[in-house]
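A.B. asks: Got a predicted structure here, sequence first:
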Amino acid sequence: MTTLTGYRLRILLFMSITATPFAASQTYRLDSPGLDASSGTLTPTLPSNSVSHLDIRNTAVWIGTGKGLARTTSGGRTWESFTGVPQFARPGIFSLALHGDTVWTSTGYSKEVDNSSVQTGSGYTYSLDNGLTWNIASQPLDSQADTVLTYGSNTIHFLPIVVPEQNVTFDMSVTDSAVWIASWSSGLRKSTDLGQTWHRTVLPNGSKNSIAPTDSLGYYLIDPRQDNNFLMFSVYAETPTTLWAGSAGGVNKSTDGGVSWVKFTTENQVSHILGNWVIAIAGQRLGTETRIWTTNWPAEGQNEQYGISSTIDGGRIWQNALPGVKAYAFAFKDSIVYVATESGLYRSADGGKSWMNSGSINDQTSGNTLASDVIYSVGVLGDTVYAGSADGLAKTIDNLTHPFGQSWEVLRAFRAVGNTSTTYAYPNPFSPRSEVCRVHYNAGAGGGMVSIEVFDFGMNRVRTIIKDVQRNGEEHDEIWDGRNDSGDLIPNGVYFYRVIISGGDPAWGKIMVIQ
C-alpha cells in the first residue's frame, strides 16, 4: 500500500478543487438502486487468486477478490461466483461485511490520473437474502453546498467530497439498524436506509482526544487534507451503540451510537497503541468480554511502528505485539487469534503473549505453494483456518489432533487443460522483478513423475524447475521465478519450457520475459 504521504499528495489533487462542480463526464456514478434476482454462477475454482477479503457466516466462506465476490459451502471444492451479477458494476472488491443473511460489499477500481494510479470508489452492492438477490447503492458524493452540520450548539464545517477518486470505502460494519462505512476521503458515515442516504460522523480532530455535542467547539472544520483522523480505514460495530473506527490518526470509540467519541493514539496514553494508522479493527468475544484488536502502521509520528495492539478494558490500557510486523486482518476461534501479515499467518492462544508463524505455505499433496509469505485476509470455519493471499487461498486444520499449519491445502484459480499434452504459463509476459510465472499442466488421472525445464531461444537449458517429482491428481502449477540454475535473473526474451510426465511425450510452451 502507498505511504500516507503519497496518499495525501494525491488527495490534494481532487479534494481542493471544490469551487466549481465537476462535469458529469468526470465522475463515475451507479444507476438508480434496483433489485433483481441474480444469484451467482457455479464454478470449479475461485474467480481470482487475489483474495484480499475473507468473511465467514454459518457454513459459507465468502471471499472478495480483484475479480469479484464468491463463496463456497464445500470447503473450496466448488464456488459460487457473483462476477457476472449486473449489480456489481465493477468487479474489484474493496471491503466485505456480513451480518446474518445480509451481505455488503464496496467496489472500486484504479484510474489513471496525471500518470498516476488513483483508487476510485464505484459504490456498493448488497444482498438481504444471503446472495439470492442484489441491490446497489451509490458512493457518497456531496454537493457543493453540502458543507455544514449541526452538532449540539455547534456548527460543523465539512469539506464537500464531490468526486469518487480517492473516495474508496476500505471497511464496512453492519448492524440490525445501520451500515457503517470507513472511507478515505469521505470519512466515517452511516446509513439507516440501505444506502439511499449517508450521514456524516463528527470525530475529534488532531488537537482533541474526545468530542461530544455538549462541547463548545468554536469554528470546527473537518478537512481530510489537514487531519489524519478524518482519513478512515476501518470500522467495527461491537454492538449497535458501541463503535470503533480506525483512521490514519488513531482509534476512535463511541458508546452512544456514533454521536460522541474518544480517541486513542500513540501520544495520548501511557499504555498506547503501536501506530496511529489503523487499517483493521476486530472484536474477539471472550465470554462476557470483548477483546478489541487493531492492526497498527506508522503514519507520521517518529515513535510509531508496525504491529498489532489489543485492549480488554475498552481502550484504557493497550497491549502490543508483533512489533515491526505489517499486519492486515484478524480472525478468531474461541480464545485463539489469527493475524494475517506480510510475513505469514500468526497464531496466539494466550492473548498475544506468544505466537506461532505459518512460515511458507505449501500443499504437499498437489505441489501447489504460495509464491509469497504475504497473507492479506483470514477466516475460521469450525477447525478450518482459511488464509487469503495475492496468490490464492490456503486452508489448514487447527485442533488437538491436527496442529496448526501441519499441512495445507492451496486453492487457486486456473483454466483446466484436461489432458497431459497441453500446457500454458501465466502471467505471460511476466516480469521476474515483480512477480512469478506459473507453468500449468495436467498430470493425468493417476498422477505421475513430472519434470519441467526452461530453455532459451537457442534451446540451451537455463533452468530445471522440477525433476522427476511425483504429482498426484490432475491440474497443477509449478513456479518459475525467472532465474537460471545459478540463481541469476535471466535477460529479457522469449523462452521455451518442456513438461514431461512419467516418460511420456513432452508438452511444450513459450514464455516471454520482460523486465
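C.D. replies: In hand now; what should we look at?
A.B. asks: So what does Phe230 have for phi and psi?
C.D. replies: phi -100, psi 0 (degrees, to the nearest 10).
A.B. asks: I'd guessed Glu453 sits against Arg461; true?
C.D. replies: Yes: look at Glu453 against Arg461 with CB atoms under 8 Å: they come within range, at 5.5 Å. To be clear about C-beta, it is placed using only N, CA and C from the backbone, and glycine gets the same treatment.
A.B. asks: which one of those two has more residues nearby?
C.D. replies: Taking neighbours as other CB atoms under 10 Å, Glu453 and Arg461 compare with Glu453 leading, 18 against 12.
A.B. asks: Can you tell me how far that one is from Ser421?
C.D. replies: 17 Å (CB to CB, to the nearest Å).
A.B. asks: So Ser260 sits against Ser210, correct?
C.D. replies: Yes: look at Ser260 against Ser210 with CB under 8 Å: they come within range, at 7.2 Å.
A.B. asks: If you count surrounding residues, which of these two has more?
C.D. replies: Ser260 (19 against 13).
A.B. asks: Which residue is the nearest non-sequential neighbour of that one?
C.D. replies: Excluding its sequence neighbours, the residue lying closest to Ser260 (CB to CB, 6 or more residues apart in numbering) is Ala212, at 3.7 Å.
A.B. asks: quick one: contacts for that neighbour?
C.D. replies: 152, 259-261 (CB atoms under 8 Å, 6 or more residues apart in numbering).
A.B. asks: gap between it and Pro204?
C.D. replies: 10 Å.
A.B. asks: Which residues are in contact with each of these two?
C.D. replies: In contact with both Ala212 and Pro204: Trp261, using CB under 8 Å, 6+ apart.
A.B. asks: excluding its backbone neighbours, what's nearest Asn368?
C.D. replies: Asn368's closest residue in space is Val410 (CB to CB, 6+ apart), at 4.0 Å.
A.B. asks: what about the one you found, distance to Val378?
C.D. replies: 15 Å.
A.B. asks: Check Thr423 too.
C.D. replies: From Thr423 to Val378 the distance is 33 Å (CB to CB).
A.B. asks: Looking at the two, which one has more neighbours?
C.D. replies: Just comparing Thr423 and Val378: by other CB under 10 Å the higher neighbour count belongs to Val378, 25 against 19.
A.B. asks: The more buried one is in what secondary structure piece?
C.D. replies: strand 377-381 (DSSP states H and E).
A.B. asks: got it, and Val339?
C.D. replies: Counting by DSSP H and E, Val339 is part of strand 336-341.
A.B. asks: and that strand with strand 377-381, angle?
C.D. replies: Strand 336-341 and strand 377-381 are oriented at 150 degrees to each other (axes from the mean of the first three to the mean of the last three CA atoms, to 10 degrees).
A.B. asks: Show me what strand 336-341 is packed up against.
C.D. replies: Packing partners of strand 336-341 (3 or more CB pairs under 8 Å, 6 or more residues apart in numbering; DSSP states H and E): strand 289-297, strand 327-333, strand 344-348, strand 377-381, strand 384-389.
A.B. asks: hmm, 6 Å instead?
C.D. replies: The helices and strands touching strand 336-341, judged by 3 or more CB pairs under 6 Å, 6 or more residues apart in numbering; DSSP states H and E, are strand 327-333, strand 344-348, strand 377-381.
A.B. asks: bridging residues for Met512?
C.D. replies: Val494 (DSSP bridges).
A.B. asks: Against Gly123, how distant is the residue nearest to Val374 when sequence neighbours are not counted?
C.D. replies: Of all residues not flanking Val374 in the chain, Glu342 sits nearest, at 5.0 Å (CB to CB, 6+ apart). Counting by CB to CB, the gap from Glu342 to Gly123 is 30 Å.
A.B. asks: Also Thr72?
C.D. replies: Counting by CB to CB - Thr72 and Gly123 are separated by 25 Å.
A.B. asks: Neighbour count: those two, which is higher?
C.D. replies: Set Thr72 next to Gly123 and count neighbours by other CB under 10 Å: Gly123 wins out with 25 against 22.
A.B. asks: Going by neighbour count, which residues in whatever helix or strand that one lives in are buried?
C.D. replies: Using DSSP H and E, Gly123 sits within strand 116-127. The neighbour-count check on strand 116-127 (16 or more other CB atoms under 10 Å) flags 118-127 as buried.
A.B. asks: Stretch 423-437 too?
C.D. replies: Under 16+ other CB under 10 Å, the buried positions of stretch 423-437 are 423-425, 430, 432, 436-437.
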